[in-house]
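S.K.: Here's a sequence, model it:
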Amino acid sequence: DFVAFSLDNVTSGGHSDPLITNNDEWIDFRGYSNANRPQLILNYEEPYVAASSITVSPSTTICPGTSVTLTRFGGTTGTNGNWGWYTGSTFLQYNNTSITVTPASTTTYCVRGENSCGNTTCTPVTITVQSNSTAATSITGTSTICAGGSTTLSVSGGSLGTGAGWYWYSGSCGGTLVASNTSSITVSPATTTTYYVRAQGTCNTTACVSQTVTVNTASTPPGSVSVTASTICNGQSTQLTANGATLGTGGVLRWYTASCGGTLVATGNPVTLSPTTTTTYYVRAEGTCGNTTCASTTITVNQLSVAATSISGTSTICNGQSTTLSVIGGSLGTGATWQWYTTSCGGASAGSGNSITVSPTSTTTYYVRAEGTCNTTICASLTVTVNQLSTDPTGVSGTTTICEGTSTTLSVVGGSLGTGATWNWFSGSCGGTAIGSGSSITVTPTATQAITLEPAEAVTPLTVHLPQLRLMNFSAGIVYKRLGSLY
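M.R.: Below you'll find the model as predicted:
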């Protein structure tokens with residue numbers, strides 16, 4: 001039988017147990033004996049209490065990939081309860097003690113007690129996941145500089161994780177520290193150097209990327225130029241050598257005329273050159289890192305003489321006359337003069353200069369050539385033909401008294417015939433009536449007459465007066481009387 005009751009009627013008198021200590025309890029109701037008193041059977045569940053905290057091992061702050069163990073501390077779940085683990089509203093698992101998790105990012109976990117009577121509050125803990133750095137993909141910046149120059153190197157790509165910075169090294173990755181916590185550096189290496197950069201932070205150190213900065217060296221200028229010959233003749237060559245220069249990266253010695261850097265004429269050292277006129281040469285070192293100043297030298301070029309093409313002047317004269325001979329064509333080189341010779345080219349000196357006046361007594365060949373610093377030319381020549389004068393005859397030989405109708409042969413005595421001359425005979429007067437030529441003539445005069453002899457040149461004529469012959473008749477015969485004489 002069941003009776004209605006009120007807790008006001010509940011008494012614990014006569015029973016030593018607390019009101020609720022077990023799953024089954026009885027409760028006394030006042031006014032009933034032990035034999036027939038009613039009993040209320042109470043079945044109850046043990047109450048739950050929220051966890052006081054969650055402990056984390058190894059730390060509430062981790063790096064990616066690190067696992068942590070979450071352990072509940074304190075609290076109860078009551079009868080038949082479980083501890084449920086969650087991230088937000090997402091259930092993970094039931095576990096009375098702990099769970100191990102590996103969060104990829106910062107995550108809040110919580111645990112609560114759960115049973116049929118309900119759930120406790122969820123006790124939370126946050127696991128902070130720090131970020132890793134990622135390696136740079138490359139280094140940007142000028143990779144080739146000249147000695148004394150600088151370049152700025154910068155990280156390209158990659159990212160910095162928690163507490164990370166970019167660290168720069170030379171020599172090797174992690175070698176000699178150059179700079180830290182900067183994405184760019186400006187460097188001025190004295191020699192070719194490889195630079196490395198990596199991210200170093202709380203969670204990781206990345207691999208390095210590297211960049212080699214090549215340091216090109218500058219050339220030093222030549223101090224002077226030496227030559228095998230500073231004065232040459234046109235057509236000759238001389239060797240020029242630049243002294244004191246050192247060639248830097250990509251360096252070469254270049255030679256110029258007109259000015260330093262003017263007209264390029266040669267490359268290298270030494271060089272052999274053949275200027276045609278006096279020339280100043282300039283040399284400098286040129287390379288990757290620029291050009292030096294120039295050193296210079298002047299090569300003096302003496303000019304060659306050119307042979308005369310001919311000689312002008314009267315080529316035929318009479319003995320005692322003169323003629324002026326002059327050079328035609330050709331040219332005089334450095335320090336040269338025209339030199340004249342007879343006998344042969346370079347034989348007996350006959351004078352110098354562009355012209356000479358000569359009075360040869362016999363036919364003579366004259367030679368002229370240019371003689372100077374650089375050369376002596378071949379000769380041009382001219383033969384001056386000297387015609388000889390005739391000389392007066394000293395007389396005429398032959399019979400000067402003849403009989404009428406007979407002949408006499410007259411011959412030249414003494415004198416000489418000049419060039420191209422003949423003996424010409426005249427009667428009447430010198431140059432009068434020509435009666436013959438040659439060294440002798442035969443005449444048959446009819447009366448006494450003067451016969452004149454002269455060479456075919458302007459010489460003094462010789463007149464022969466043949467005596468007039470008078471015929472006288474005698475009984476005994478014919479008698480000739482000399483009426484004239486030779487004079």
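S.K.: Keeping just the C-alphas, turn stretch 414-428 into CSV.
M.R.: In CSV, the C-alpha atoms belonging to stretch 414-428 read as follows (Å, rounded to 0.1, in the frame of the first residue of the first chain):
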residue,chain,number,x,y,z
GLY,A,414,145.8,72.3,-142.3
GLY,A,415,142.6,73.2,-140.4
SER,A,416,140.0,70.6,-139.3
LEU,A,417,136.4,70.0,-139.9
GLY,A,418,134.0,70.3,-137.0
THR,A,419,130.9,68.2,-136.4
GLY,A,420,128.9,67.9,-139.6
ALA,A,421,131.3,70.2,-141.5
THR,A,422,132.5,70.0,-145.1
TRP,A,423,135.1,72.0,-147.1
ASN,A,424,133.3,74.1,-149.6
TRP,A,425,135.1,75.9,-152.6
PHE,A,426,134.0,79.2,-154.1
SER,A,427,135.2,81.5,-156.9
GLY,A,428,134.8,85.2,-157.2
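S.K.: if you average pLDDT over it, what comes out?
M.R.: Confidence over stretch 414-428 (mean pLDDT, whole number) is 91.
S.K.: Please state the offset of it from the chain centre?
M.R.: Distance of stretch 414-428 from the chain centroid (CA atoms, centre = their mean, to the nearest Å) equals 87 Å.
S.K.: for stretch 211-218, same thing?
M.R.: Centre-to-centre, stretch 211-218 and its host chain are 21 Å apart (CA atoms, centre = their mean).
S.K.: Check the average confidence over that stretch, would you?
M.R.: When pLDDT is averaged along stretch 211-218, the result is 97.
S.K.: Number of residues surrounding T409?
M.R.: The tally of other residues near T409 (other CB atoms under 10 Å) stands at 11. Backbone N, C-alpha and C define where each C-beta goes, glycine included.
S.K.: Repeat that for the one 3 residues further on.
M.R.: Counted by other CB under 10 Å, the residues lying close to V412 total 22.
S.K.: Contact partners for it?
M.R.: Going by CB atoms under 8 Å, 6 or more residues apart in numbering, V412 touches P393, V396, S397, W423, S439, S440, L453.
S.K.: Which helix or which strand is home to it?
M.R.: strand 408-413 (DSSP states H and E).
S.K.: again with E286
M.R.: With secondary structure defined by DSSP H and E, E286 is part of strand 279-287.
S.K.: Run through who's touching that strand.
M.R.: 216, 218-222, 225, 240, 242, 245-257, 259-262, 265, 269, 273, 291-299, 301.
S.K.: Next: stretch 251-259.
M.R.: Contact partners of stretch 251-259, identified using CB under 8 Å, 6+ apart, comprise 219, 222, 240, 242, 245, 247, 262-269, 271, 273, 279-288, 294.
S.K.: Which of the residues in that stretch are classified as buried?
M.R.: Within stretch 251-259, the residues that count as buried by 16 or more other CB atoms under 10 Å are G251, L253, R254, W255, Y256, T257.
S.K.: Help me confirm that S331 comes into contact with A308.
M.R.: No - S331 is not in contact with A308 according to CB atoms under 8 Å; the separation is 9.0 Å.
S.K.: quick revisit: filter the contacts of stretch 251-259 down to the buried ones, PyMOL style.
M.R.: Only the buried members of the contacts of stretch 251-259 end up in this PyMOL selection, burial being decided by 16+ other CB under 10 Å:
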select buried, resi 219+222+240+242+245+247+265+266+269+271+273+281+282+283+284+285+286+287+294
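S.K.: give me the element the closest residue in space to I311 that isn't next to it in sequence is part of.
M.R.: Using CB to CB, 6 or more residues apart in numbering and skipping residues adjacent in sequence, the residue nearest I311 is L382, 3.9 Å away. Counting by DSSP H and E, the element that carries L382 is strand 380-387.
S.K.: That strand: what's the following helix or strand?
M.R.: Next along the chain after strand 380-387, with elements defined by DSSP H and E, is strand 395-397.
S.K.: how about low-confidence regions in the stretch 351-487 of the chain?
M.R.: 449, 451-487 (pLDDT under 70).
S.K.: if we can go back for a sec, who has more neighbours, S331 and A308?
M.R.: A308 (24 against 14).
S.K.: In three-state terms, label the more buried one for me.
M.R.: Following DSSP: H, G, I helix; E, B strand; the rest coil, A308 is assigned to coil.
S.K.: Could I get the pLDDT score of it?
M.R.: Confidence at A308, expressed as pLDDT, is 98.
S.K.: mind listing what it touches?
M.R.: With contacts defined as CB under 8 Å, 6+ apart, A308 is in contact with V327, I328, G329, G330, W338, V368, R369, A370, T377, A380.
S.K.: Wait, a strand at the fifth one?
M.R.: Spelled out, that is W338. Yes - checked against three-state DSSP, W338 lies within a strand.
S.K.: and T97, how far is that from W83?
M.R.: When CB to CB, to the nearest Å is applied, the distance between T97 and W83 equals 8 Å.
S.K.: between the two, what contacts are shared?
M.R.: Here T97 and W83 share the contacting residues R72, scored by CB under 8 Å, 6+ apart.
S.K.: Which of these two has more residues huddled nearby?
M.R.: W83 (23 against 9).
S.K.: for that one, helix, strand, or coil?
M.R.: Under the three-state scheme (three-state DSSP), the conformation of W83 reads as strand.
S.K.: Would you quantify the distance from it to T100?
M.R.: If you measure W83 against T100 using CB to CB, the figure is 15 Å.
S.K.: what's the answer for G414, then?
M.R.: Here the distance between G414 and T100 works out to 163 Å (CB to CB).
S.K.: repeat for C345
M.R.: The spacing between C345 and T100, counted by CB to CB, is 121 Å.
S.K.: Show me which of those two is the more surrounded one.
M.R.: For the pair C345 and T100, the greater number of neighbours falls to C345 (16 against 11), based on other CB under 10 Å.
S.K.: residues in contact with the nearest residue to that one once chain neighbours are set aside?
M.R.: Counting by CB to CB, 6+ apart, the nearest residue to C345 once its immediate chain neighbours are dropped is C379, at 3.6 Å. With contacts defined as CB under 8 Å, 6+ apart, the neighbours of C379 are A307, Y341, C345, G346, Y367, V368, R369.
S.K.: how about 6 Å then?
M.R.: Contacts for C379 (CB atoms under 6 Å, 6 or more residues apart in numbering) come out as C345, Y367, R369.
S.K.: Ok, G353 next?
M.R.: With CB under 6 Å, 6+ apart as the criterion, the residues that contact G353 are W338.
S.K.: repeat that with 8 Å
M.R.: Remark: with contacts taken as CB under 8 Å, 6+ apart, G353 is in contact with T337, W338, W340.
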